[in-house]
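Colleague: From the sequence below, what's the structure:
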Amino acid sequence: MSIHLQRGGAKRHLLLLVLAIVCRIAMADERPALAIIIDDMGNHQAQGMAALMLPGAVTYAFLPHTPYAVQLAERAHALGKEVMLHLPMDAAEGNTLGPGALRLYMSEAEFRQTLIDNLAAVPHVVGLNNHMGSLLTQHPGAMAWMMETLLERPRYYFVDSRTTRDTVAQLVASEYGIRNTRRDVFLDNEIETEAIEQQLMLLLQRAQERGSAVGIGHPYPQTVLVLQRFLDNLNSSGVQLITTSALIDLQQRRRRWPEPSSPLLKVAKSSKP
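Modeller: Numbers count the residues shown, from 1 in each chain. The predicted model follows:
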């Protein structure tokens, strides 16, 4: 009887060891990660081209129906960059939104068709985030129409730019099963080199503390200059730059990863780089 128990204990220990090794291998390359999105692409050709020269897996979000959106999105795709739709939405402050805006007063049919037209207006789009939207993203009904439309096109993900603390956009996206994430830091609300540097350090800190973070900036010359230096030195921080879609996948994997039930697995899980 005791021999049988000893053999059973040895097998259990071996199984835990194998699981710990699998755990370590699975998480070996999951260093803290950043996604950086450059919004408002499409209105200015020279600024847009300069922004596209940023190194690494920067993601670019294009305003629909703008003069250079198609040209710059094609160039971004040719450079291996990820392309998003930067979707104009009603703002509480009544800001001018430009063409393709989603409005609170729209009928459901008009709302859905506008969204579909916007998605078709920018080539190579794989996701979208809100431009403005401090009014519209507060309304669950409007967000439900948007997510229902995206549900019919499962290749798209959604990023809540969080232009208001009262947004329900990410919550509704999750309820509909749309792949999603949220903005953590705006990089250039103040268009000054020192302020942008401080925001990038905040973004880096949040990624290191939480495992991942999303920063949103714009193709301003000051932002591009600071980002160039920041990205050139990012590897030394132990944080990786990945596309927004890859960051969403990373966050989803981490949420699905089960809590360990043994000390051995806890050691393996806490030892990731």
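
Colleague: who touches stretch 175-183?
Modeller: 35, 37, 129, 144, 147-148, 150-151, 156-162, 170, 173-174, 214-216, 244-245, 247-249, 251-252 (Cβ atoms under 8 Å, 6 or more residues apart in numbering). Every C-beta, even on glycine, is put in place using the N, C-alpha and C of the backbone.

Colleague: again, 6 Å this time
Modeller: By Cβ atoms under 6 Å, 6 or more residues apart in numbering, the residues outside stretch 175-183 that reach it are 147, 150-151, 157-162, 170, 173, 214, 216, 248.

Colleague: list the contacts for the residue nearest in space to the middle of the chain?
Modeller: In the chain, the residue lying closest to the centroid (Cα atoms, centre = their mean) is Thr244, at 3.9 Å. If a contact means Cβ under 6 Å, 6+ apart, then Thr244 has 35, 59 as its contacts.

Colleague: the strands in the stretch 101-250 of the chain, which residues?
Modeller: Taking DSSP state E, counting those that start in this stretch to define them, one finds strands in the stretch 101-250 of the chain at 125-132, 157-160, 180-182, 185-186, 212-217, 240-241.

Colleague: re earlier: quick one, which of the contacts of stretch 175-183 are buried?
Modeller: 147, 150, 157-162, 170, 173, 214, 216, 248 (16 or more other Cβ atoms under 10 Å).

Colleague: Now tabulate those in JSON lines and tack on pLDDT and distance to Leu97.
Modeller: Listed next are these as JSON lines, based on pLDDT from 0 to 100; distance: Cβ to Cβ, whole Å:
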{"residue": "Met147", "pLDDT": "98", "distance to Leu97": "20"}
{"residue": "Leu150", "pLDDT": "98", "distance to Leu97": "20"}
{"residue": "Tyr157", "pLDDT": "98", "distance to Leu97": "22"}
{"residue": "Phe158", "pLDDT": "98", "distance to Leu97": "18"}
{"residue": "Val159", "pLDDT": "98", "distance to Leu97": "18"}
{"residue": "Asp160", "pLDDT": "98", "distance to Leu97": "17"}
{"residue": "Ser161", "pLDDT": "98", "distance to Leu97": "14"}
{"residue": "Arg162", "pLDDT": "98", "distance to Leu97": "17"}
{"residue": "Gln170", "pLDDT": "98", "distance to Leu97": "21"}
{"residue": "Ala173", "pLDDT": "98", "distance to Leu97": "21"}
{"residue": "Val214", "pLDDT": "98", "distance to Leu97": "22"}
{"residue": "Ile216", "pLDDT": "98", "distance to Leu97": "17"}
{"residue": "Ile248", "pLDDT": "98", "distance to Leu97": "26"}
